[in-house]
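Colleague: Got a predicted structure here, sequence first:
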Amino acid sequence: MTDSYDVIVIGGGPAGVVTAVTARKYYPEKKILLIKSIGTGVIPCGIPYMFVTLQNPEDNAFGNAPLEKNNIEFLIDEVVAIDRTKKEISTKNDRKFSYDKLVLATGSKAVMPPIPGSEKQGIYLIHKEMSHLKNLKNDIQSAKNIVVLGAGFVGIEFADDISKLKDKKISIIEMKPEVLSGSFDPEFSQLAEEKIKEKGIDLILNTKIESFNGGERVESVTLSNGQTIAADLVIVGAGSVPNSDLAKKAGLEIGEGGGIVVDEYLRTSDMNIFAVGDCAEKRDFFTREKTNVMLASTAAAEARIAGSNLFRIKVIKENKGTIASYSTCVGDLTLGLAGLTETAARRQGFEIIVGNAECLNRHPGTMPGAKKMKLKLIFSRQSGVLLGGQVAGDVSAGEIVNIISMAIQKDFSLTELETLQIATHPKLTAAPTMYPLIVAAQDALKGYKKHEKV
């Protein structure tokens, strides 16, 4: 027997759930089913904080309340095949379902580099599954020497949170010369490095792990610099790849980066099948080149576009490309990025002008909580359009970067940012005379005016 649904969503992460909830909003009469392979998932961005900051791992659970509230059926099972001709899916438990529209939200898979000894106990990839992460938390409690592979967002956030525990020797091993090197310009990476070292974390850059050593369980790692360091637990933050196996098996078009190829409305090469989130291929907002951005915020934005346009393009919401918008924190330092860095813009051949600002986040400077905020904006030299921005400071930097992201999406120009109308308050923001976004735009304007005279 085959059960029939108007919409079937495969995947229970943020992309899948937001797609289903959005579809219910725009198509209230449709019959919707969400199928997920994991009973209890987790909020992806909260994973690094499940070990110390959050008292219980369950505090980071990603539950079914949004589905239940919106009268969306859900099933715990694994989809193993898609028959595009019959518009039918089959599951691991030998169930079949037919669909009118199908949404693939199958996420991504953590990557294990080809390092000898990676099968040993005590070596953890970051899987978005509650029981796996609870096992990791228990292992962290008893471990003394913890090695983190990778100084990207995941690696740094894990190390930062675990460093709050007593009697832990934490080492981060990174093959590149800087932390967060794929996301920030060097002067911002340096701020993160300083905070990491302040917390007593051993940061080893320009170095690879050559082997995991020990018996059944890891005991040490050998590095490419010849050093061997003790390790009774290893956390691997070496990145992820799109989980597009199901789509590939169904004959859908797969991009060069392994993601499912989609159009501006997240439709795959089969117009009745959509793909959203980490499993879908991403294209840069400016260059249209493939970009490896895997963020819950990006996934949710794609899900809202797909969910509203499943049956007809009734709402003009299109995915014009991915703006890489990130934020993270190390200790009391918040870092944010949206769009192109100076390094990336120059590498892509953009002619740019750069504006910098360093302002206090409160006014006057004697106000309690006043700290320096550093901001850098990248503009097109020809048009003055904003291409990217980076910010470092207190927690307010996390929202400043969202303003930058919105300004990029709406093609803000240098002069529009310079005349930005803002709300300020002594206890909450920088001074109206020294607001960092405006000051950075004014700084860039000097270079823009020089260009106009040439």
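Modeller: Perfect, I can see it now. Residues are numbered from 1 along each chain as shown.

Colleague: Need the pLDDT of Asn292.
Modeller: With respect to pLDDT, Asn292 scores 83.

Colleague: Provide a list of residues in contact with it.
Modeller: The contact partners of Asn292, taken as Cβ atoms under 8 Å, 6 or more residues apart in numbering, are Gly239, Gly257, Lys282. Quick note: C-beta positions are derived from backbone N, CA and C, even for glycine.

Colleague: what residues are up against the last one?
Modeller: In this case it means Lys282. Remark: with contacts taken as Cβ under 8 Å, 6+ apart, Lys282 is in contact with Gly259, Lys290, Thr291, Asn292, Val293, Thr298, Thr322.

Colleague: thought the third one was touching Thr322?
Modeller: Just to be clear, that refers to Thr291. Yes: taking Cβ atoms under 8 Å as the definition, Thr291 is a contact partner of Thr322 at 5.7 Å.

Colleague: who touches both of those two?
Modeller: The contact sets of Thr291 and Thr322 overlap at Lys282, Arg283, Asp284 (Cβ under 8 Å, 6+ apart).

Colleague: picking that back up, how about the contacts of Asn292 in CSV, adding pLDDT?
Modeller: What follows is the contacts of Asn292, written out as CSV (pLDDT from 0 to 100):
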residue, pLDDT
Gly239, 91
Gly257, 91
Lys282, 94
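
Colleague: Out of the residues you listed, flag the one nearest to Ala247.
Modeller: If you rank these by distance to Ala247 using Cβ to Cβ, Gly257 comes first, at 13.3 Å.

Colleague: In the stretch 251-400 of the chain, what residue spans correspond to strands?
Modeller: In the stretch 251-400 of the chain, strands defined by DSSP state E, counting those that start in this stretch lie at 273-275, 325-330, 333-339, 352-360, 372-380, 386-393, listed in chain order.

Colleague: before we move on, the earlier item: can you tell me which of the contacts of Lys282 has the most neighbours?
Modeller: The most crowded member of the contacts of Lys282 is Gly259, carrying 25 neighbours; neighbours defined as other Cβ atoms under 10 Å.

Colleague: Contacts only, for that one.
Modeller: Gly259 makes contact with Pro242, Ser244, Ala275, Asp278, Cys279, Ala280, Glu281, Lys282, Lys290 under the criterion Cβ under 8 Å, 6+ apart.

Colleague: Do I have it right that Gly398 meets Leu333?
Modeller: No: under the criterion of Cβ under 8 Å, Gly398 makes no contact with Leu333, lying 11.4 Å away.

Colleague: neighbour-wise, which of these two wins?
Modeller: Neighbours per residue, other Cβ under 10 Å: of Gly398 and Leu333, the larger number sits with Leu333, 21 against 16.

Colleague: Specify the beta-bridge partners of the more buried one.
Modeller: Residues found in beta-bridge contact with Leu333 (criterion: DSSP bridges) are Val330.

Colleague: ok, it touching Glu198?
Modeller: No: contact between Leu333 and Glu198 fails when scored by Cβ under 8 Å: they sit 9.3 Å apart.

Colleague: Determine which stretch of the strands of the stretch 251-400 of the chain is the most buried.
Modeller: strand 273-275 (a mean of 28; mean count of other Cβ atoms under 10 Å).
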